[in-house]
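*Asks:* here you go, sequence then predicted model.
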Amino acid sequence: MKKIFLSVIGFALICRQHAFAQIKPDTSKSAFVWHKAPQDPATQDTESYVSRRLRIDEIDFVSSYYTQNGDHSPVTGGIGTEKVTDFSNGLNLNLVWYNPALNKNTLNVGFGFDHHSSASAAYVALNGGANPSGTRIYPSLDWTVENSKNGSSFGIGAYYSGEYNYKSKGADIHWSKKTNDKNGEFGVKLQGYFDQVTLIYPSEFVPAPTFTVIPPGSTVITTASGNTQIVNTAGQVISNSKSTLPTSPRTTLTASFSYTQQLSSRLQVMLLGDVVTQSGYLSLPFHRVYFSNGKDTIEKLPSSRFKLPVGLRLNYFVGDNIIIRTYYRYYTDNWGSKSNTASLEVPVKITPFFSISPFYRYYNQTAAKYFAPYEQHSPTDQYYTSNYEYAKFEAGYYGIGFRMAPPTGVFGWQGLHEMEIRYGHYTQTTNLVSDVVSLSLGFK
């Protein structure tokens, strides 16, 4: 269920963007309000002069802690513990400058780091030889230029993510264009991820080294780092050979489209759509599958996948103190899975500088045609997985956020202009439960 907890943490990383606004959205936060183009500095007085020099616009820091539990681990064929903990930290630095044409340039430099432990990882080797914890780093870089004269923007981005069992490189190109009345905006983003999946197999499928004499009663262990160990009956490691595990490529290409429109001073709408293709090794080699005859093998899925999600966002401003944020998404793919997502968040301003944001998200999906529970697959199946990520289930995620943004700075610290704390609880009808708490700090 790693995908689930990373998605939840990703939600925590963007939670600070849900800034409270008046009936007319705050121009520093809303994508629906047009920024008036600055004039030539030579024609302005000193009060309205726009500096062209590079400056730090904002620094954002987000830290979150996630924990989950369940009993359908794919490592042990759809049964067994899904206990996971994750501690994640992310830092984003926003740099702004104006070029000679007075186009705004924004450079976003990000770095993320998380450390997680997974109880089921110990069962990659049946005798518990794998490392149950791991560390992931994920730096990013994005450069965007806004042309204030024609209402367009263009940018490029680059990403990297690395962990013990995969390496991923990504890049994107994004472009947007505002309508003539500045109340609408069309956006396109083309994105590609190019991964290398380390082929870590369960211990029973890794042949013992032919050059080593294995004493009677000894056990062969393959660790998550690719080392082969021979352990004697007393539990002592009597041989430890390092090896380089092979990798297999995986490519994900995405074309994202969006259109936003300010329908009135109170109502905003956004239409979203993605076209996603995946190719390469889409299975995970340490996910076991047990057939109906009791024999086990490793997960096998097709080498291509096509995904099509479409969504709708509606934000309605109820007076000066309440916003209603709604979202709906429909998803389908060629593996037979379909899903629906609906969410509601209602930020309420308690004071001019403090707000609370209760939220709820509902999700359901149908099972992929290649999924079956423990010992339910037939040995004649062409493709097979017992990963409950592909099962039929319903899920709910609810919680609350607290945001402070006093003009004198949080706790009197002028540089800390914003702080938000959020808590969320997730439940799934497969008996998976999780909790996440996050802290977001914004520095000016």
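*Replies:* Cool, got the structure.
*Asks:* can you show me the helices along this protein?
*Replies:* Taking DSSP state H as the test, the helices found in the chain are 2-14.
*Asks:* give me the low-pLDDT residue ranges for this structure?
*Replies:* Residue ranges of the chain with pLDDT under 70: 1-52, 126-132, 207-215, 217-218, 220-229, 233-244.
*Asks:* domain boundaries for it, per the record?
*Replies:* 2-200+246-443, 203-244 (automatic domain parsing).
*Asks:* make JSON lines out of those and add mean neighbour count.
*Replies:* Any C-beta I mention is one placed from the backbone N, CA and C, and that applies to glycine too. Putting the domains of the chain into JSON lines (neighbours: other CB atoms under 10 Å) gives the following:
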{"stretch": "domain 2-200+246-443", "mean neighbour count": "17"}
{"stretch": "domain 203-244", "mean neighbour count": "14"}
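*Asks:* now do the contacts for Pro285.
*Replies:* Pro285 sits next to 197, 199-202, 298-299 when contact means CB atoms under 8 Å, 6 or more residues apart in numbering.
*Asks:* report the two of these separated the most.
*Replies:* By the measure CB to CB, Val197 and Pro202 form the most distant pair in these, at 15.2 Å.
*Asks:* make JSON lines out of the contacts of Pro285 and add distance to Tyr397.
*Replies:* JSON lines is the format used below for these (distance: CB to CB, whole Å):
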{"residue": "Val197", "distance to Tyr397": "28"}
{"residue": "Leu199", "distance to Tyr397": "33"}
{"residue": "Ile200", "distance to Tyr397": "30"}
{"residue": "Tyr201", "distance to Tyr397": "34"}
{"residue": "Pro202", "distance to Tyr397": "32"}
{"residue": "Ile298", "distance to Tyr397": "31"}
{"residue": "Glu299", "distance to Tyr397": "27"}
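*Asks:* now go through these and say which are in strands.
*Replies:* Judged by DSSP state E, strands contain the following of the contacts of Pro285: 197, 298.
*Asks:* distance of the closest residue to Gln196 other than its chain neighbours relative to Leu95?
*Replies:* Ranked by CB to CB, 6 or more residues apart in numbering and with sequence neighbours excluded, the top spatial neighbour of Gln196 is Thr247, at 4.2 Å. Note on Thr247: its distance to Leu95, by CB to CB, to the nearest Å, is 35 Å.
*Asks:* same check, this time on Tyr330
*Replies:* Distance of Tyr330 to Leu95, given as CB to CB: 38 Å.
*Asks:* quick check, Tyr166 in contact with Leu199.
*Replies:* No. Assessed by CB atoms under 8 Å, Tyr166 is found out of contact with Leu199, at 10.5 Å.
*Asks:* which neighbours do these two share?
*Replies:* Here Tyr166 and Leu199 have no joint contacts, going by CB under 8 Å, 6+ apart.
*Asks:* hang on, Ser248 packs against Gly280?
*Replies:* Yes. Checked against CB under 8 Å, the pair Ser248 and Gly280 is within contact range at 6.7 Å.
*Asks:* who's Glu163 bridged to?
*Replies:* Beta bridges link Glu163 to Tyr166, judged by DSSP bridges.
*Asks:* same thing with Asp333?
*Replies:* When assigned by DSSP bridges, Asp333 has beta-bridge partners Lys307.
*Asks:* OK, contacts around the closest residue in space to Val310 that isn't next to it in sequence?
*Replies:* By the measure of CB to CB, 6+ apart, the closest residue to Val310 outside its immediate chain neighbours is Gly273, 4.6 Å from it. Taking CB under 8 Å, 6+ apart as the criterion, Gly273 is in contact with 256-258, 308-311.
*Asks:* looking at the residues you listed, which two lie furthest apart in space?
*Replies:* Ser258 and Leu308 (15.1 Å).
*Asks:* can you report phi and psi for the residue lying closest to Pro246 once chain neighbours are set aside?
*Replies:* Closest residue in space to Pro246, ignoring its immediate chain neighbours: Leu199 at 5.1 Å, by CB to CB, 6+ apart. Its backbone dihedrals place Leu199 at phi -90, psi 80, with angles given as degrees, to the nearest 10.
*Asks:* check the one 3 residues further on too.
*Replies:* Listed backbone geometry of Pro202 is phi -60, psi 150, with angles given as degrees, to the nearest 10.
*Asks:* count the residues that sit near it.
*Replies:* Taking other CB atoms under 10 Å as the neighbour definition, Pro202 ends up with a count of 22.
*Asks:* now do the strands in the stretch 101-250 of the chain.
*Replies:* Per DSSP state E, counting those that start in this stretch, the stretch 101-250 of the chain has strands spanning 104-118, 133-147, 152-163, 166-178, 184-198, 219-222, 228-231, 237-241, 247-262. These are given in chain order.
*Asks:* do the same with the stretch 251-400 of the chain
*Replies:* 267-280, 288-290, 296-298, 304-318, 322-333, 338-345, 348-351, 354-365, 393-404.
*Asks:* so for Ala372, which of those sits nearest?
*Replies:* For these, proximity to Ala372 was assessed by CB to CB; strand 288-290 is nearest, at 8.3 Å.
*Asks:* what distance do you get for the residue of the chain positioned farthest from its centre to Ile230?
*Replies:* When each C-alpha in the chain is compared with the mean C-alpha position (CA atoms, centre = their mean), Pro216 comes out farthest, at 47.3 Å. For Pro216, the distance to Ile230 under the criterion CB to CB works out to 12 Å.
*Asks:* give the contact list for the residue nearest to Pro246.
*Replies:* 245-248, 285.
*Asks:* ok, Gly184 touching Thr260?
*Replies:* Yes. Counting by CB under 8 Å, Gly184 touches Thr260, with 6.4 Å between them.
*Asks:* and the nearest residue to Trp143 once chain neighbours are set aside, bridged to which residues?
*Replies:* Spatially, and ignoring its direct neighbours in sequence, Trp143 is nearest to Leu107 (5.2 Å; CB to CB, 6+ apart). Note on Leu107: beta-bridge partners Leu95, Trp143, judged by DSSP bridges.
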